[in-house]
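Enquirer: coords please:
(2 chains)
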Amino acid sequence: MWGVRAAAALRLAQQRSTSAFQQPSFLSLFSTDLHGEPTTEAAPQVAPEVVVAATQVPVPEAAADGDSGANLGFPEPADLQAPAAATPRAPPGPKKIYARLSNAPKYAFKSDILWFFEGCNLTPDQLVTIYDEKYRQRFLQVEFDSMESFRLAQRVLVRKGRLGGRYMKLDVDMRLDVDDIHTSVKGFRGQSLLMMQLPTDATSEDVERFFQGYNLAGYSTKFLRVPKETFPKKPSKMSVPPVVERRALVKFATPLESLRALREKQGQFCLDRAIELRFIQ
Amino acid sequence: MAYRREALNCLYRQLNAKHKDVTSLALLSRCLSSIPLSNSKFSAYLFGDLHARGLVIARLGGGGSVRTVSSKAHCLQISQLEADIAASNPAPGFPAPSAFETPVNRVPGFSIVPAALKPSGFGSGTTPLGRLDATLLSREMSNSLSHGRLEETVRLFDDWVKLTDAAGNPNKPNILAYNLLLHAKLRLGAHPDGMYQIINEMESAGIIPTQLTYNFVLRSVFRQRDSRLAEKILEKMEQAGPEAQPDGDSYNFVIALCALDRRIAPALKHMQSMYERGFVPSKTTYNELLVACARVHRTRFAVALLKELKTQQLMPQVQTVGELAIASTEVDDAECALLTLEFLTQQTLGRPSQPLNMDEGGMVALLGTAARTGNGSLNNEAWNLLTSSLGPGRIPNPASYCARVHACASAGDFETAFNTVREMELAFGNLQGGNDPEILSPCSSLRPLVLAIARAGPGALDAAYYKLAEIHASGRPVCLAAINSVLQGCANIWDVDRAYQTFEAISTTFGLTPDIHSINALLDAFGKARKISEVQRLYEYMKELGLKPDHRTYDLLITAHVINRDIEAAMGALTTLMDDGHTPMRDTLFKVWRRCRREGDVKAADKLRALMKSLGYRDCYLGEGRRRLISAGLPVPAATY
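Expert: Predicted structure coming up:
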C-alpha cells in the first residue's frame, strides 16, 4: 500500500514539476519536493496540510517550487524561501482541494453521495472511488473548487449525520487518483463489474460465457492478479511464493446492463467457483 | 581475600549485566551467600551499591519471579545472610543502626532499602511496613489505591511480602491484598501474563482466587485482545468453587473478546452457558457479536441473535444493523436481511425527527438479494425503506426499479411488478428527455419479468395477459412495457401465433400504439420461426409507424437472415446497423461469421473477423475451444496466459 501511494505521490510530483519546469532534474525534484515548502504563493487561509493542486498557469520558478512543495506538505527551511518582494507573483488561478471521504457505505452509488452533498455543487466527475491493490474500495476522493465549498461539505456532513447507517468522514488529502490501480481501472469505471474468486484456469471465453446474454463492450475483459486475502493473517515466509488470487474486470455496454448482470449473476458459477461480483464506479 | 574479590567481581558482573531474569538473580543470590560477610567493610561495600540498585531489584518482583526466589529457593541462605548482617556493625554512611536492630526489619532478599529511599506513604507515615499484618497491609493498600497511588500500592505489596513476621516466617498476604494488587496492576496496564502468574502464585500459596480476582485479570486480557487466554480463565472460573463463579461481566468480556477475534462459535458457546446461568448479555456484547457475524458473513448466527434481541425488545446499533444488512446481501441470506431491515424501519419510526438516510446502492443490493431468493417480504420492506429514505422529491434510480421488478417477478407477485413497470414508464418512458431506451426493454432490463412469466409456459403467459386485460377493464391504465413483456415471453417459447395475437391486442384491446420494443419482440418470434417474409413486412410496418430501429432491431434482423442462411441480406443489415451509428454485438458478428464459413464465403468471413478485431472483440477462432473440449469429453487443460 505504501509503495503504491509513494509511487503515486512521486508520479504526481513529477507531473507537476514537468508542468512547471521545462526540464526538471532529479535533484531539483527532490530538493523541492522533499525539503521544499510552499512559499507565499500558497493560499494564506489554507491549512499547511492542505493539498493545493498545481495550476496550469505558467508560474516562475520560485512559485513553482512552492507549489510542488505544498503538494507533499513538507516544511521548508527558512533559507530556501525566496524574498517575496523580488519574486513576481503569478495570477492566482483556480486551486482545487482534494478531500478523502472515508467510511462511505460499501455499495453507495455516486448519485447517493452527490445527493447527500446536495448544495455543494459537486458533479459526478469530481467524485473518484479509490481502490486498493486488491481492488477493494478504500475511500472516495472528492475534488472541491475551493476551501469554502470544502467547509460547506463538512458542515453538510455534520448536519446530515449518517448515510446508510455509517458516519462518514471528510478530510483534506493529497490527490490519489494517479496511481497504477487507478490507471488500470480508469477505462472500466461506471459500467464494469469486478469478478472475484475467478478460477485460475478461466479464460476470457469462460468469462464471456459467464455473461452470456449481456451486452459486453469491446475490450471487455481484463484479468488481474491480486495478493490473496487470508484470515487469520499468518507471517509469510520468504521462501514461499505469495499466494495470488485471480480477478477480472468486465466492461458492459451500459451502466444499467452491468447492474443487471450484478443482480442476476451474483454467486453464479464460473467453472467450479462461485463468483462474487462488485460494481466498479 | 582473593577469593572474596573474585566473588565480588562476579557479583558486579551480574549486576551490570542487567539480566532481569530468575537465572541471573539466582546466580546473584548464590554469589551473595558464598561470601562470608562478617567483615563490615565488605558488607558496606556490597550493600552500599545494592541500595543504589535496590529499587530496580525490587521492581523486578513485579512478575512474581523474585518472590519465588526470595521466598523459596534461597530463603535459608538469605536468612543466614541477614543474620550475618545483623551481627555485623553498621556500615559507615548508613543512616540508622536501628534499621537492623529488630528482627522485623530484617529484610529477606536484596531490597534492604534505607529509610530515605522508602516510599513516603507507607502506613500513613505512622506504622512501619514491617509491623503490618496482612489485614493492615490490605488497609494500607486500599488507602493508597483510593488516592490513586498505583505504583505505591504495588510497591507496598512487593516490599511487604519480602519481610518476615514476628515468628520469622515469610509474610503471607491475604486474598484482599492480592485483589488490591491486581487492581493496581490492572490500572497500571500490566500484561495479562504477569497477572495470570499472580493467580498461579495465589493457588500455590493456598489462597483461593475469587470472582473479583479473575475479573481483574479478564479486564487486563481484554486490553491485550487475547481471547484464548480469556477463555482459559473463564473455564477455570466455571470449574472453581462458588466464590469464583463467573458473573455477567466475566461472560461479557470473554464473548466480546471472541467476537473481536472473529471466533463466533466459541462466543456463542459462552453465550449459551451465560443464559444457562441466568445472566443476560449486555447490549455491547450483542453488538460486537453481530459485527463479527457481519465481518465473517455468518449471518445464520446473526439471525438467532437478532431474534433474541427482538424478544428482549433491545435495539442494536444502527451501524451494526447496516453492516449486517450489507453482509447478508453478499451471502444472499434473505431472512437476516429482512430482520435487519425491520430493525432499521423501527429505528426510523422511533425517531421521526431524524429520518434514516439509506444509500440507494445498498438498497439495490438488498433488492437484488430479494430477487435472487424470491423473498417478497424483503422486497417490500427494502422498497418502503428506500422510498422513505429518498423522500417525495427524488425519483429512484432505474436500477432500483429494475431490481424491484426482478424481485416481484421472482416472488410471483406479477401485479406489483406490473405496477412498478407502470411507475418506471411514467418516470423514464419519455425518450425525449434523454432517457435510455433500454430501461423499458423486455430483452434487457425487464428480462427477469419476461423469464418469470414465460417459465411456466403458455398458461402462465395467458394468466399474465388476462391480468393485464383485467386491469384495463377495471379502468386502470396498463403500461405498454408490461404487454411487451408478455409478448417477449411468447417469443421466448417460440409461440408465434400467441405473440402475434398479443401484438394485435396492443392496439385493439388496450388501445395503445406499439413501440419499438413490441416490434422487436415480434421480430424475435418471427425470426426464430424462420418467417422471413413476416419479418420483412414487420420491418416495413415499423417504418410506416415512424419508429426508428434500434440496435436490437438490427440484431434481430441479422439473426433472422442468418437463420434463413441469407448472408447477403445479413451483411446488408449489418452495414445499415453500422451506418445508423450502432455498434454490433460480438454474438451477432460471430453468428454471421459462422454462417459465412459454413456457406463458404471466405471473403465475407475475413471481413467480419477484421471488424471484430477493430471493435476489440475476442477473435472468432478463440470462441469455441471450451465447447469443443467439453463436447468431446476431454479433460480441460489449464489455460496459458
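Enquirer: Let me see the contact set for the nearest residue to A:I280 once chain neighbours are set aside.
Expert: Spatial nearest neighbour of A:I280, excluding adjacent residues (C-beta to C-beta, 6 or more residues apart in numbering or on different chains): A:S192 at 4.6 Å. For every residue, glycine as well, the C-beta is placed using N, CA and C. Contact analysis of A:S192 by C-beta atoms under 8 Å, 6 or more residues apart in numbering or on different chains lists A:L249, A:V250, A:K251, A:F252, A:S258, A:F279, A:I280.
Enquirer: Let's see that with 10 Å instead.
Expert: Counting by C-beta atoms under 10 Å, 6 or more residues apart in numbering or on different chains, A:S192 touches A:185, A:217, A:220-222, A:248-252, A:255, A:258, A:261, A:278-281.
Enquirer: and if you look at B:R228?
Expert: By C-beta under 10 Å, 6+ apart, the residues touching B:R228 are B:V221, B:L257, B:C258, B:D261, B:R263, B:P266.
Enquirer: Using CSV, lay out the residues you listed together with distance to chain A, secondary structure and neighbour count.
Expert: Output for these, formatted as CSV (distance: C-beta to the nearest C-beta, whole Å; DSSP: H, G, I helix; E, B strand; the rest coil; neighbours: other C-beta atoms under 10 Å in any protein chain shown):
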residue, distance to chain A, secondary structure, neighbour count
B:V221, 18, helix, 27
B:L257, 15, helix, 26
B:C258, 13, helix, 26
B:D261, 8, coil, 17
B:R263, 10, coil, 18
B:P266, 14, helix, 19
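Enquirer: How about B:W160, nearest residue that isn't a chain neighbour?
Expert: B:L137 (5.3 Å).
Enquirer: Confirm for me that B:K172 is in contact with B:E201.
Expert: No: counting by C-beta atoms under 10 Å, B:K172 stays clear of B:E201, with 11.1 Å between them.
Enquirer: which of these two has more neighbours?
Expert: Using other C-beta atoms under 10 Å in any protein chain shown, the more surrounded residue of B:K172 and B:E201 is B:E201, with 17 against 13.
Enquirer: can you give me the helices in chain A?
Expert: Under the criterion DSSP state H, chain A contains helices at A:2-20, A:26-33, A:61-72, A:110-116, A:147-160, A:180-186, A:204-210, A:255-265.
Enquirer: from chain B, which residue is nearest to chain A?
Expert: Minimum separation of chain B from chain A (C-beta to the nearest C-beta) falls at B:G322, amounting to 2.5 Å.
Enquirer: Give the burial count for that residue, as a bare number.
Expert: 25.
Enquirer: ok, now which ones touch it?
Expert: Contact analysis of B:G322 by C-beta under 10 Å, 6+ apart lists A:105-106, A:162-166, B:294, B:340, B:343-344, B:356, B:358-359, B:362.
Enquirer: in which helix or strand would I find the residue nearest to B:W160?
Expert: Assigned by DSSP states H and E, B:L137 belongs to helix B:134-146.
Enquirer: Packing partners of that helix?
Expert: Here helix B:134-146 is seen to pack against helix B:150-161, helix B:175-188 when contacts are counted using 3 or more C-beta pairs under 10 Å, 6 or more residues apart in numbering or on different chains; DSSP states H and E.
Enquirer: CA atoms only: put it into PDB for me.
Expert: The C-alpha coordinates for helix B:134-146 follow below in PDB (Å, rounded to 0.1, in the frame of the first residue of the first chain):
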ATOM      1  CA  ALA B 134      -2.000  -8.900  56.400                       C
ATOM      2  CA  THR B 135      -5.200  -7.100  57.300                       C
ATOM      3  CA  LEU B 136      -3.400  -3.800  57.900                       C
ATOM      4  CA  LEU B 137      -1.500  -4.200  54.700                       C
ATOM      5  CA  SER B 138      -4.700  -4.600  52.800                       C
ATOM      6  CA  ARG B 139      -6.000  -1.500  54.500                       C
ATOM      7  CA  GLU B 140      -2.900   0.400  53.600                       C
ATOM      8  CA  MET B 141      -3.000  -0.800  50.000                       C
ATOM      9  CA  SER B 142      -6.700   0.100  49.800                       C
ATOM     10  CA  ASN B 143      -5.800   3.600  51.100                       C
ATOM     11  CA  SER B 144      -3.100   4.100  48.500                       C
ATOM     12  CA  LEU B 145      -5.300   2.800  45.800                       C
ATOM     13  CA  SER B 146      -8.200   5.100  46.700                       C
END
